[in-house]
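**Student:** Based on what follows, work out the 3D shape:
(one chain, ligands or ions: 1)
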Amino acid sequence: MMPGIAQDSMPMSRRNAMPMAPEYREDEAMPVHPSKGKMPALEESKAGLVRTYFIAADEIDWDYTPRGRNLAGLPHVETAEDETGLGIRHRIYHKAIYQEYTDATFKTLKVRPQQWEHLGILGPLIRCEVGDSVRVFFRNNTHLSVTMHPHGLEYKKDAEGALYNDGTIGTVKADDMVRPGGSYTYLWTVPERSGPAGMDESSVLWMYHSHFVESTDVNTGLVGPIIVTGRGLARPDGSPRNIDREFVTDFAIFDETDSWFFEGNAGKQARAVRMKEINPLLRERNLLYSINGYIEANLPLLTMRKGEHVRWYLLSNSNEEDVHMAHWHGNTAVWNKMRMDSIFLGPMAMATADMVPDSEGTWLFHCHVNDHFMGGMVGLYQVLP
Ligand SMILES: [Cu+2]
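**Tutor:** Below is the predicted model:
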């Protein structure tokens, strides 16, 4: 636990820029629907299923290299780190992430299915079919004010999860800033315009993130995936019926100098937000070029079988350096009806690509931008016979 770290450590310049929530009262952050006891995960409504999630923002110590450094075995140019002999094996930072719980008591973490272990630092996968709705019982266990703001899904002003001068007041503001220890129930709907369009396949990727101070919230770790399957195309669990296996990979640069916890992590070094100007070198040392929060092939091995219909959902974070070229060795994929072995991602991009692997073996999966590749934005995937 990091002592005394909260947004009150925010620089004045940024505090003054914050929009105010004039009608906010603590009791307004209580759930819209009382969340006593267990709620069923699935309920039928007229339109479709109501898919219920219990998600908390939690503080954790995140290790970008849980299994050690440079697991891809790539030759690399000797760095200052090598020369100092410090042999830094782990890159650990205090962070806040979204985690899924079993019920409204928020006592038991839901075990992540093996299929989704590779999500790493990302929040739980929220999935649904067009016509469903998504209800998230959210609890903020951090010392920060945070929110959940979804992309793509339909929301009213009381479930947008973003604080700005939108002319709303009162209870409609409660979703915009969930204070430490607070909770809120977000209700999102999934109309046709949230699902696949003419050029899409049977499912599309969206994402959610905290949108209190957006850049800092995401760099702190508060981001997760949403997958929407087209109406009538989903299995009961929401997955697309025509797909054998799915992977979500976030080409994610985390700027740890823009994390709410930077001062604690770095030992009271200079203020984070102006680091780009005042100490770009220190910032560069704290840019983590990750896939799902893992660097240097610490991403769990993404395993599939030859001939399977594999869907890749590609995502990126939103720093200005989050300009990526996701590249597979060994196999090709189809994106937007085009054959690719590399897919471009701008900041906060979402892309879906389908692969039917025909080449067995263990293959590199990496960002082709030189700095990112050298910085460790590398994973491995495996095609079994
Ligand atoms: Cu990149």
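**Student:** so where do the helices sit in the stretch 251-385 of the chain?
**Tutor:** In the stretch 251-385 of the chain, helices defined by DSSP state H, counting those that start in this stretch lie at 262-266, 275-278, 280-285, 370-374, listed in chain order.
**Student:** Please name the residues that touch residue 151.
**Tutor:** Under the criterion of C-beta atoms under 8 Å, 6 or more residues apart in numbering, the contact list for residue 151 reads 206-208, 226, 350. Quick note: C-beta positions are derived from backbone N, CA and C, even for glycine.
**Student:** Could you measure from it over to the ion?
**Tutor:** Relative to the ion, residue 151 is positioned 20 Å away (C-beta to the ion, to the nearest Å).
**Student:** what's the answer for residue 186, then?
**Tutor:** With distances defined as C-beta to the ion, the gap from residue 186 to the ion amounts to 31 Å.
**Student:** Repeat that for residue 154.
**Tutor:** According to C-beta to the ion, residue 154 and the ion sit 31 Å apart.
**Student:** go on, residue 73?
**Tutor:** The span separating residue 73 from the ion equals 20 Å under the rule C-beta to the ion.
**Student:** ditto for residue 214
**Tutor:** Using C-beta to the ion, one gets 20 Å for the distance from residue 214 to the ion.
**Student:** That residue: what's it in contact with?
**Tutor:** Taking C-beta under 8 Å, 6+ apart as the test, what residue 214 contacts is 162, 318.
**Student:** first to last residue in stretch 111-131, what's the distance?
**Tutor:** Across stretch 111-131, the straight-line distance between its terminal residues is 27 Å, by C-alpha to C-alpha, to the nearest Å.
**Student:** how far does it sit from the chain's center?
**Tutor:** Centroid separation between stretch 111-131 and its chain, computed with C-alpha atoms, centre = their mean, to the nearest Å, is 10 Å.
**Student:** ok, now how distant is residue 296 from the ion?
**Tutor:** As defined by C-beta to the ion, residue 296 lies at a distance of 14 Å from the ion.
**Student:** count of neighbours near the nearest residue in space to that residue that is not next to it in sequence?
**Tutor:** Closest residue in space to residue 296, ignoring its immediate chain neighbours: residue 376 at 4.2 Å, by C-beta to C-beta, 6 or more residues apart in numbering. By the criterion of other C-beta atoms under 10 Å, residue 376 has 27 neighbours.
**Student:** List the contacts of the residue nearest to residue 116 when sequence neighbours are not counted.
**Tutor:** Using C-beta to C-beta, 6+ apart and skipping the chain neighbours, the partner closest in space to residue 116 is residue 125 (5.8 Å). Remark: with contacts taken as C-beta under 8 Å, 6+ apart, residue 125 is in contact with 116, 119, 224-227, 248.
**Student:** show me what contacts residue 347?
**Tutor:** Each residue near residue 347 by C-beta under 8 Å, 6+ apart is listed here: 316-320, 322-323.
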